[in-house]
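[1] my questions concern the predicted model and sequence given below.
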Amino acid sequence: MQTMTQTAAPLAVHTISRSAGYRLALLLRAGLAWLLALLLFFPIFWLGLTAFKTELQAIAVPAQLFFTPTLENFAEVQARSNYLLYAMNSIVTSVASTLIGLLIAAPAAYSMAFSPTKRSKDILMWMLSTKMLPAVGVLVPIYVLYQQAGLLDTRWGLTVIFTLSNLPIMVWMLYSYFKEIPREILEAARMDGATIFQEFRYVVMPLCMGGVASTALLCLVLSWNESFWSLNLGAANAGTLASLIASYSSPEGLFWSKLSAASLMAIAPIIVFGWFCQKQLVQGLTFGAVK
């Protein structure tokens, strides 16, 4: 009995030490995660803080953490630039380009995933290679084409260029999601008499809804943040929020408070949208990770 007690004592001490070490490691990982989250969130926090300052408070040294907030910047942004028009242009072009892109990319990815040819891989690589081309390299021909077609400074023109810019990404993402679907499920649907459209509509799409949602959200964010084409192909009528933010850069300098207010008003809608869609986004990004 005494021998068993002597043996159990070191085991209990070892178990307690392992438990303490595990808790310490867990606390360290949690602390590191919080630190990284705060570092990533700090620019947004400082942006929101600056948006409620006056211009003098924004450039004060040292920086002021405590001040009397003001809404003058937001009122001036709306009065000077018609924020609602720019916001509506961003919403229309981003949503329309995402929907049109999905209508094109989903059937293309379905065809390459389930009915591949010997050229499917080459087509996918060619589509991916188009993203390696700098946008400025094709600015002049696209600008000339838009000028001749009457698409300059139009929502439809920006929608088309946004769709074409994001189409390779959409096809690749949907292709990877579709490839994760077991072929046995499709064979069972075909044995039950399902047509290609029914197979795509009632089998493939429900299984990949998370992937489709994450693809749509990513391309929506990319279209929303697109600034190069917005600045070069849009102006007063079809300018997006990216154009609005760029308008606060002048030869006299940067108006930090007004620029922060415009930036906060520009990112707020997409942040709120991403917050409500985070479940679909996480589901899509982890699709296929767990069998």
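    That came through, no problem. Just so we're clear, the structure is a prediction, and the values are computed from it rather than from any experiment.
[2] distance between stretch 201-213 and the chain's centre?
    Mean C-alpha position of stretch 201-213 versus that of the full chain (CA atoms, centre = their mean, to the nearest Å) differs by 19 Å.
[3] torsion angles phi and psi at Pro182?
    phi -60, psi 140 (degrees, to the nearest 10).
[4] same thing with the one 10 residues further on?
    When quoted as degrees, to the nearest 10, the phi and psi of Asp192 stand at phi -80, psi 0.
[5] what's the burial count for Pro134?
    8 (other CB atoms under 10 Å). C-beta coordinates here come from the backbone N, C-alpha and C atoms, glycine included.
[6] ditto for the one 3 residues further on
    Residue crowding around Gly137 was assessed by other CB under 10 Å; the count is 8.
[7] same question, Val92
    The number of residues packed near Val92 is 16, by other CB under 10 Å.
[8] now the strand or helix carrying it: mean pLDDT?
    Element membership for Val92, per DSSP states H and E: helix 83-114. Mean per-residue pLDDT for helix 83-114: 90.
[9] report the buried residues of it.
    Buried residues in helix 83-114, defined by neighbour count with 16 or more other CB atoms under 10 Å: 83, 86-87, 89-94, 96-98, 100-102, 105-106, 108-114.
[10] go on, stretch 201-211?
    Of the residues in stretch 201-211, Val203, Val204, Leu207, Cys208, Gly210, Gly211 count as buried by neighbour count, 16+ other CB under 10 Å.
[11] mind picking the two most distant members of these?
    The span of the buried residues of stretch 201-211, defined through CB to CB, is set by Val203 and Gly210 at 15.0 Å.
[12] quickly list the domain ranges of the protein.
    For the chain, the structural domains run 2-51, 81-285, going by automatic domain parsing.
[13] give me the pLDDT for Ile271.
    With respect to pLDDT, Ile271 scores 80.
[14] which stretch of helix or strand covers it?
    helix 256-276.
[15] buried residues in that helix?
    256-267, 270, 273.
[16] all helices for the stretch 101-250 of the chain, in order.
    Using DSSP state H, counting those that start in this stretch, the helices of the stretch 101-250 of the chain run over 120-129, 139-149, 155-179, 183-191, 196-199, 205-207, 209-225, 228-233, 241-246.
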